[in-house]
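Peer 1: Below: sequence and its predicted model.
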Amino acid sequence: MKKRLPFSVVLLAGLSWVSAQWMRIDDFEQPAGLPTPTPTPPPVPTPTPIPGTPTMNDSYIGIWYSIGQSQTVDGVKVPKYSGGLGTYPANMMPMATYVASVNKTFFVYGGTTAPQNRDLQIMIGEYDHTAGTVSLPTVIRDSEGFSDAHANPAVAIGPNGHIFVFSATRHGFQGRIYRSDQPHDISSFTQVFSRYMAYPQPWYDPDHGFIFLFTQYTGGRELYYITSADGVTWTDPVQFAGFNGHYQSSMHRDGVTGTAFNFHPGGVDNRTNIYYMQTADHASTWTAISGTALTLPLENKANPALVHDYQAEDKLVYIHDTNFDTQGRPVILYLTSDDHRAGPGSGTRQWKTAAWNGTSWERRNLGTSQANYDVGCLHIDAGPNPGEEVWRVTGPTGTGPQEWGTGGEMVMWISNDRGATWASTALTAESIYNHTYARRPVPAHPDFYVYWADGHALQQSVSRLYFASQQGAVSRLPVLMQGATAPEAVPTP
């Protein structure tokens, strides 16, 4: 057991570091070739130290993480991906969920207890829509020195309103499932299950229980599922895709669980193609979107679940999100690229949607961005008139202060014609750090509609957490708090 300093000492040390870093923000040694950031964050107030418990924190600070594997761009080393990655990765979901009965959004993230630390903490907070405040966050799991954001959590509301948090496996960091001790209460959790479960994607259906999609490294990143009535006792894993490795993005609604995934011929840096499969009977049977029954596991790239053969076009595919339209038809948000490496030499990063119209997949362009790991999310809502729907994509498609690094300025794109045309609105501008990994609560309340983090894309920094409303109003979660606190409004660009 790691020896801990008294809470007040940790608190004051962390605050001193935050204040010092923000006072010095204009003096950061900026890598050559990048613009010098000019906006300065507001000063952090000096609080009166307050008592704490071992499981509560006093600030919303996301984890900063870098995978390395840098490319030199105009004399600057740009990692394959790095930055404020508290809401990373795209293939871990959901990371937030709204519960109407208590009028709260519960959200999980990879955090840390002080800005200078890289010890990953599995954390949860709640936004009270009635009061307009966020709670103190709870540290559910202390990694004891582990710093890899691949171990970030997912969340689901299970039987009787208990909150289930799925802490992902990463290398020797074992996956765990935690259940809240009381319904809709983030103050305390108990571990109820443990297994190898990379990239967790849990979905709960009141009529059937949990269906939990995840990854095991059994021959590359291969896809599995397990089920449970109560979230405590689980079935043995069933493999459903295993040809060269996969990353997936799934969704559950109205009894249907669907998942879109790519495949990795020769490794993850060659990810390509899109596949889609779904189950309408809690994993008893799986079909392609055409209705063709699938024999599991899928073991060949040529199979009925194929949406599009991007390998034939020599394109890489990074899947961001999967959703259903108002008629229950799947829509996939993704990005294509020419090369896995960072920088302008990898060609255009094209954002796209693939939408099933009942007979075929409609593939349409949205916009472009500077990095392969610029990740967004897709909302589909009913429109103002019967039969209409509105698609909203939120993601870092605007050029950020750390060019070619992960993330950028956050932008909301809106389409009223199933992605044929789009209009965009900037959510952030003149930021100090790049904004990364926009995530969609499932379900989402209009006031806490999308959720993300920021952080310097090229060197370690503090990382802050944000959310935006459906109308584009942006709020930043408190970096320091003593109790329930209203988020800080971020000026509209």
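Peer 2: Now that the structure is in, tell me what you want to look at. Numbers count the residues shown, from 1 in each chain.
Peer 1: tell me the helices in the stretch 1-150 of the chain, going along the chain?
Peer 2: 7-23 (DSSP state H, counting those that start in this stretch).
Peer 1: any low-confidence regions in it?
Peer 2: By pLDDT under 70, the low-scoring segments of the stretch 1-150 of the chain are 1-56.
Peer 1: rerun that using 50 as the cut-off
Peer 2: Low-confidence regions of the stretch 1-150 of the chain, defined by pLDDT under 50, span residues 1-55.
Peer 1: Report the secondary structure state of the nearest residue to residue 94 once chain neighbours are set aside.
Peer 2: Setting aside the residues directly before and after it, residue 94 is nearest to residue 442 in space (Cβ to Cβ, 6 or more residues apart in numbering), at 4.1 Å. All C-beta spots, glycine's among them, are computed from the backbone N, C-alpha and C. Applying DSSP: H, G, I helix; E, B strand; the rest coil to residue 442 yields a three-state assignment of coil.
Peer 1: right, and residue 442 touches residue 105 too?
Peer 2: No - at 10.6 Å, residue 442 does not count as touching residue 105 under the criterion of Cβ atoms under 8 Å.
Peer 1: What is the neighbour count of residue 249?
Peer 2: Around residue 249 sit 27 other residues, with neighbours defined as other Cβ atoms under 10 Å.
Peer 1: Secondary structure element holding it?
Peer 2: Secondary structure assignment for residue 249, by DSSP states H and E: strand 248-253.
Peer 1: List the buried residues of that strand.
Peer 2: Of the residues in strand 248-253, those scored as buried under the neighbour-count criterion (16 or more other Cβ atoms under 10 Å) are 248-252.
Peer 1: which one of the residues you listed is nearest residue 185?
Peer 2: Within the buried residues of strand 248-253, distances to residue 185 taken as Cβ to Cβ reach their minimum at residue 252, with 23.8 Å.
Peer 1: can you pull the contacts of the closest residue to residue 292 other than its chain neighbours?
Peer 2: Spatial nearest neighbour of residue 292, excluding adjacent residues (Cβ to Cβ, 6+ apart): residue 304 at 4.4 Å. Under the criterion of Cβ atoms under 8 Å, 6 or more residues apart in numbering, the contact partners of residue 304 comprise 288, 290, 292, 294.
Peer 1: mind checking how far residue 304 is from residue 453?
Peer 2: The gap separating residue 304 from residue 453 is 38 Å, by Cβ to Cβ, to the nearest Å.
Peer 1: do residue 381 as well
Peer 2: 24 Å.
Peer 1: Looking at these two, which is more packed in?
Peer 2: Taking neighbours as other Cβ under 10 Å, residue 381 and residue 453 compare with residue 453 leading, 32 against 15.
Peer 1: Note down every partner strand of the one helix or strand that one maps to and its orientation.
Peer 2: Element membership for residue 453, per DSSP H and E: strand 450-455. Strands adjacent to strand 450-455 in the sheet, as given by DSSP bridges, are strand 434-439 (antiparallel), strand 465-468 (antiparallel).
Peer 1: Can you name the residues that contact the closest residue to residue 219 other than its chain neighbours?
Peer 2: The shortest distance from residue 219 to any residue that is not its chain neighbour, by Cβ to Cβ, 6+ apart, is 6.1 Å, and that residue is residue 242. Neighbouring residues of residue 242 by Cβ under 8 Å, 6+ apart: 218-220, 222-223, 297-299.
Peer 1: For those residues, pick the one with the most neighbours.
Peer 2: residue 223 leads those on contacts (other Cβ under 10 Å) with 28 neighbours.
Peer 1: Quick check: the gap between residue 313 and residue 273.
Peer 2: Distance of residue 313 to residue 273, given as Cβ to Cβ: 10 Å.
Peer 1: hang on, the earlier thing: buried deepest among the strands paired with strand 450-455, which one?
Peer 2: Looking across these with neighbours counted as mean count of other Cβ atoms under 10 Å, the highest average goes to strand 434-439: a mean of 31.
Peer 1: How far off centre is that strand?
Peer 2: On the basis of Cα atoms, centre = their mean, to the nearest Å, strand 434-439 is displaced by 8 Å from the centre of the chain it belongs to.
Peer 1: Residue 107 and residue 339, how far apart?
Peer 2: In this view, residue 107 and residue 339 are 34 Å apart by Cβ to Cβ.
Peer 1: okay, the two: which has more neighbours?
Peer 2: Relative neighbour count places residue 107 above the other of residue 107 and residue 339, with 28 against 14, counting by other Cβ under 10 Å.
Peer 1: Any chance of TSV for the contacts of residue 304, columns secondary structure, distance to residue 480 and neighbour count?
Peer 2: Converted to TSV, the contacts of residue 304 look like this (DSSP: H, G, I helix; E, B strand; the rest coil; distance: Cβ to Cβ, whole Å; neighbours: other Cβ atoms under 10 Å):
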residue	secondary structure	distance to residue 480	neighbour count
288	coil	51	18
290	coil	54	10
292	coil	55	12
294	coil	51	18
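Peer 1: wait, which of those is closest to residue 279?
Peer 2: Nearest to residue 279, judged by Cβ to Cβ, of the contacts of residue 304 is residue 294 at 9.4 Å.
Peer 1: nearest residue to the closest one other than its sequence neighbours?
Peer 2: By the measure of Cβ to Cβ, 6+ apart, the closest residue to residue 294 outside its immediate chain neighbours is residue 286, 4.7 Å from it.
Peer 1: Can you give me the neighbour number for the one you found?
Peer 2: Residue crowding around residue 286 was assessed by other Cβ under 10 Å; the count is 23.
Peer 1: for the stretch 251-400 of the chain, what spans make up the strands?
Peer 2: Assigned by DSSP state E, counting those that start in this stretch, the strands in the stretch 251-400 of the chain fall at 256-263, 272-279, 306-308, 316-324, 330-337, 349-356, 361-369, 377-382, 389-398.
Peer 1: thinking residue 195 is in contact with residue 175, fair?
Peer 2: Yes - under the criterion of Cβ under 8 Å, residue 195 is in contact with residue 175, at a separation of 5.9 Å.
Peer 1: Show me which of the two is the more surrounded one.
Peer 2: For residue 195 versus residue 175, neighbours defined as other Cβ under 10 Å are more numerous around residue 175 (20 against 15).
Peer 1: Next, the contact list for residue 282, please.
Peer 2: With contact set as Cβ under 8 Å, 6+ apart, residue 282 has these partners: 205, 208-209, 211, 227, 255, 257.
Peer 1: ok, now with 10 Å
Peer 2: Neighbouring residues of residue 282 by Cβ atoms under 10 Å, 6 or more residues apart in numbering: 205, 207-211, 227, 255-257.
Peer 1: hmm, back to that, just tell me which of the strands of the stretch 251-400 of the chain ends up closest to residue 486.
Peer 2: Proximity to residue 486, assessed across these by Cβ to Cβ, is greatest for strand 389-398 (22.2 Å).
Peer 1: mean confidence for that closest one?
Peer 2: Here the mean pLDDT over strand 389-398 is 98, rounded to a whole number.
Peer 1: quick one, what contacts the closest residue to residue 335 other than its chain neighbours?
Peer 2: Spatial nearest neighbour of residue 335, excluding adjacent residues (Cβ to Cβ, 6+ apart): residue 318 at 4.5 Å. Contact partners of residue 318, counting by Cβ under 10 Å, 6+ apart, are 90-91, 247, 262, 271, 334-337, 340, 349, 351, 371-375.
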